[in-house]
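Enquirer: predicted model and sequence below, questions to follow.
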Amino acid sequence: MYPTQLQLENYAEIAVKVGANVQQGQTVVVMAPITSAPLVRLIASKAYEVGAKNVHVEYNDEELSRIKFKQAPEEAFSQYPMFRAKAWEDFVEEGASFISIYSPNPDLLNDVDPTRVATASKTASTALKNYRSALMNHTNAWTLLSYPTPEWANKVFPNSTQEEAIQKLWERIIDATRISHENPVQAWRDHNARLLEMVNVLNDKRYKQLQYEAPGTKLTVDLPDGHIWLGGSKANSKGIYFNPNLPTEEVFTMPHKDGVNGVVSSTKPLNYNGQVIDGFTLTFENGKVTTFTAERGYEALNNLLNTDESARQLGEIALVPHDSPISNSNVVFFNTLYDENASCHLALGQAYPVNLAGGTKMSPEELLSHGANRSLVHEDFMIGSEQMNIDGVTQDGKVEPIFRNGNWAI
């Protein structure tokens, strides 16, 4: 089912009003694949309708990226056009909001040397460090959504014709983003309110540790003093609420970077920079990955873990019930935006300072001293299933059930 014109306009409207929550006189930056131009044009129109000053669009073409990875000389991947990094920093300084359409081809770079991909990723992460830091601090409003592309749809529905695959993917996106509702903006407000209820419960609990157990997983995660659970909409530095993810089903917080121990196994494939990593396990000791295995994408996982010293430590833990809309679709999306909102997940690398009381005002050194991880990467991977049990340990040592058989027990 392709979206109707009204549904596509609704999608643009929630991107502008719910996702980025564009304000009068604000600049909007849209980053998108060229195939999503019909949606981008509607986003621009909706943004101007609510008073945007300027809508700046940056299109990307994955096939051009692939050509570069296959044919460019090695030195090309250790250089980044700094005028682009400066442009993003200028947009941040101006108070712009950012809308990204994330629809990668999971197999784009499967036959490319993983070291080239790793070098390019680290180079870009280093150059864009200030811009990404601003987004992770919620200095500016930003949002991430997806748009079906032929390559992505064919990966998700390999036994369908291309036309059928795109239709099926659109159907899932329409359901997950609530754009078929009579009033999708209000539907999102209601959904955010439901997520906030669980956020409040967890923040009231003040657990000092979470204990995970499932087939292939037996993990303990310490939570730092002053950790904050978040979910749904968040406030930027000016108090404007926005939704970073469209869709979203998670509540999440910060682990203590040195307090993770045990083994955890992935439950869904991870699309990392155009390479699929699947069937992997990570063993942690005192916060760091000490050993790992992978049935597919071992070298890509190795490169991820060695991006910098802190890429082997966690920066986020997130809870998503197995009985939730995206999970119940029984589709593996090969797209982290969707797969992470169908499954409990963890993230290697950078922590969100907003998940720590006073964190956005702390220096990098202060964040580290409070247990927040600092890294060039932030990569979510899925660990949830209908067999996942999670317990919370209270400040006085009492153990309480949080998840049983993949769903909320509180």
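Expert: Cool, the structure landed. Numbers count the residues shown, from 1 in each chain.
Enquirer: thought residue 95 was touching residue 140?
Expert: Yes: under the criterion of C-beta atoms under 8 Å, residue 95 makes contact with residue 140 at 6.7 Å. Any C-beta I mention is one placed from the backbone N, CA and C, and that applies to glycine too.
Enquirer: just want to know which of those two has more residues nearby.
Expert: Higher neighbour count among residue 95 and residue 140: residue 140, with 24 against 17, using other C-beta atoms under 10 Å.
Enquirer: please identify the helix or strand for that one.
Expert: Here residue 140 sits in a region with no helix or strand, counting by DSSP states H and E.
Enquirer: for the stretch 201-350 of the chain, what spans make up the helices?
Expert: 298-305, 325-328, 336-339 (DSSP state H, counting those that start in this stretch).
Enquirer: buried residues of the first one, list them for me.
Expert: Along helix 298-305, the positions that meet the burial threshold by neighbour count (16 or more other C-beta atoms under 10 Å) are 300-301, 303-305.
Enquirer: now render the residues you listed as JSON lines, adding pLDDT and distance to residue 54.
Expert: Putting these into JSON lines (pLDDT from 0 to 100; distance: C-beta to C-beta, whole Å) gives the following:
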{"residue": "300", "pLDDT": "95", "distance to residue 54": "38"}
{"residue": "301", "pLDDT": "97", "distance to residue 54": "40"}
{"residue": "303", "pLDDT": "95", "distance to residue 54": "38"}
{"residue": "304", "pLDDT": "97", "distance to residue 54": "36"}
{"residue": "305", "pLDDT": "97", "distance to residue 54": "40"}
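Enquirer: for those residues, which one is nearest residue 231?
Expert: When these are ranked by distance to residue 231 (C-beta to C-beta), residue 304 comes first, at 25.8 Å.
Enquirer: ok, the closest one - contacts?
Expert: 118, 272, 277, 311, 348, 377, 379 (C-beta atoms under 8 Å, 6 or more residues apart in numbering).
Enquirer: quick one: it from residue 348, how far?
Expert: Distance of residue 304 to residue 348, given as C-beta to C-beta, to the nearest Å: 7 Å.
Enquirer: equivalent analysis for residue 133, please.
Expert: As judged by C-beta to C-beta, residue 133 and residue 348 stand 17 Å apart.
Enquirer: now swap in residue 113 and tell me
Expert: 22 Å.
Enquirer: follow-up on the earlier one: for the contacts of residue 304, which one is nearest residue 53?
Expert: residue 377 (33.1 Å).
Enquirer: my guess is the closest one meets residue 350, correct?
Expert: Yes: counting by C-beta under 8 Å, residue 377 touches residue 350, with 6.6 Å between them.
Enquirer: okay, these two: which has more neighbours?
Expert: More neighbours surround residue 350 than the other of residue 377 and residue 350, with 25 against 20 (other C-beta under 10 Å).
Enquirer: just to check, the more buried one is in contact with residue 368?
Expert: No: using C-beta under 8 Å, residue 350 makes no contact with residue 368, being 11.7 Å away.
Enquirer: quick one, what contacts the nearest residue to residue 218 once chain neighbours are set aside?
Expert: Leaving aside its sequence neighbours, residue 218 sits nearest to residue 262 (C-beta to C-beta, 6 or more residues apart in numbering; 5.0 Å). By C-beta under 8 Å, 6+ apart, the residues touching residue 262 are 212, 217-220, 283-284.
Enquirer: with neighbour numbers in mind, choose between residue 133 and residue 348.
Expert: residue 348 (24 against 15).
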